[in-house]
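Student: no sequence for this one, just the structure:
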């Protein structure tokens, strides 16, 4: 592992000690690669994914960057609303709260999620 990966892993563990998801308030976790961005709502008590959205879905294939992350945030908020979820706990997964991660979080708030 590179130094950068080790640093992110340490931050990730530090966050996960505090942030856990329940059925009423699941954990909204974000994973970003160089090209794509993914979001999941996870109930940690049962160990199940309640909803997910990603930039690999057909309708989101043509947008890139921050706008892509914004669309994924709106999509996960829409799926959460249809599942009856309004409150979540945000897990940035060791990434800085900046750029695409921030854009996804802001769009999820805009879509009706509280965190």
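Tutor: Thanks, I have the structure now. What you are looking at is a predicted structure, and each value in this text was computed from that prediction instead of being measured.

Student: so what's residue 110 up against?
Tutor: For residue 110, the contact set (C-beta atoms under 8 Å, 6 or more residues apart in numbering) comprises 73, 74, 77. Any C-beta I mention is one placed from the backbone N, CA and C, and that applies to glycine too.

Student: got the buried residues for the least confident helix or strand in the chain by mean pLDDT?
Tutor: For the chain, counting by mean pLDDT, DSSP states H and E, helix 3-18 ranks last in confidence among helices and strands (a mean of 93). Across helix 3-18, burial judged by 16 or more other C-beta atoms under 10 Å covers 8, 15.

Student: After that helix, which helix or strand is next? Please name it.
Tutor: strand 27-32 (DSSP states H and E).

Student: Pairing partners for that next one, with directions?
Tutor: strand 37-43 (antiparallel), strand 89-91 (parallel) (DSSP bridges).

Student: Not counting that strand itself, show me its contacts.
Tutor: 19-21, 37-44, 69, 76, 88-93, 95, 100-101, 104-105, 108, 113, 115.

Student: Against residue 71, how distant is residue 14?
Tutor: Plainly put, residue 14 is 29 Å away from residue 71 if you go by C-beta to C-beta, to the nearest Å.

Student: Now do the helix ranked longest in the chain: distance to the chain's middle.
Tutor: Scanning the chain for the helix with the most residues, using DSSP state H, yields helix 65-82. Relative to its chain's centre, helix 65-82 lies at 9 Å (C-alpha atoms, centre = their mean, to the nearest Å).

Student: Pull the residues that contact that helix.
Tutor: By C-beta under 8 Å, 6+ apart, the surrounding residues in contact with helix 65-82 are 28, 32, 37-39, 41, 50-55, 57, 60, 63, 86, 88, 99-101, 103-113.
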